[in-house]
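> Whatever this is, show me its structure:
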Amino acid sequence: MSVTWILVANASHAKIYANHGPKKGLQLVKEMEHPESREKAANLVSDRVGNYQGSGSYAQPTSPKEHEAEVFAQEVAHELEEGRVNNAYDRLILIASAHFLGLLNSKLSQHARNKVTETIEKDYTRLPVKELSGHLENYIYL
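Next up, the predicted model:
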């Protein structure tokens, strides 16, 4: 039987659901929180970025909020990779805010990316399961 994982995420919250076939609905596999992504930038840093003389190059500093979003994208990608390695799913649907979806795609392994069949650029993290199911009916038979 084919199992589909559906990731619903934004920069601070993620839910992974599983669908085990037609008329089986969605079961919550894991919920992840990253409250640091919601913090004000001033609360995330204690001082300004230092200037290193003589380094020969200067990279653009990443904002603290962007850094936290990248950290969370890495955590979510790791969870999806663990599921792939353990054969927990055969197919993966990614639903995330546009910016976070880009971060997540940059962190996913090629093997996990090969499992992705649909990507939806929406933030559905606050939707109840029944409403989420309605939005997914064009992509998967629940």
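> and the gap between Asn86 and His78?
Distance, Asn86 to His78, using Cβ to Cβ, to the nearest Å: 13 Å. Where C-beta positions appear, they are placed from N, C-alpha and C, glycine not excepted.
> Correction: the previous question concerned Thr117.
In terms of Cβ to Cβ, Thr117 sits 21 Å off from His78.
> Would you mind identifying the next helix or strand past the lowest-mean-pLDDT helix or strand in the chain?
Within the chain, no helix or strand scores below helix 41-44, which has a mean of 50 by mean pLDDT, DSSP states H and E. Later in the chain than helix 41-44, the nearest helix or strand by DSSP states H and E is helix 64-85.
> and the helix or strand following that following helix, what other elements does it pack with?
The first helix or strand that comes after helix 64-85 along the chain, using DSSP H and E, is strand 91-96. Judged by 3 or more Cβ pairs under 8 Å, 6 or more residues apart in numbering; DSSP states H and E, the packing partners of strand 91-96 are strand 4-9, helix 98-107, helix 110-115, strand 116-121.
> mind putting those in TSV, distance to Val129, mean pLDDT and mean neighbour count included?
Shown next, in TSV, are these (distance: least, Cβ to Cβ, whole Å; pLDDT from 0 to 100; neighbours: other Cβ atoms under 10 Å):
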stretch	distance to Val129	mean pLDDT	mean neighbour count
strand 4-9	10	98	25
helix 98-107	20	97	18
helix 110-115	22	97	14
strand 116-121	16	97	15
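> how about the residue lying closest to Ala77 once chain neighbours are set aside, what does it touch?
Distances taken as Cβ to Cβ, 6 or more residues apart in numbering place Lys107 nearest to Ala77, at 3.8 Å, with adjacent residues excluded. Contact partners of Lys107, counting by Cβ atoms under 8 Å, 6 or more residues apart in numbering, are 70, 73-74, 76-77.
> With respect to Leu132, which of those is nearest?
If you rank those by distance to Leu132 using Cβ to Cβ, Val76 comes first, at 17.2 Å.
> wait, isn't the closest one in contact with Ala9?
Yes - using Cβ atoms under 8 Å, Val76 is in contact with Ala9, at 6.0 Å.
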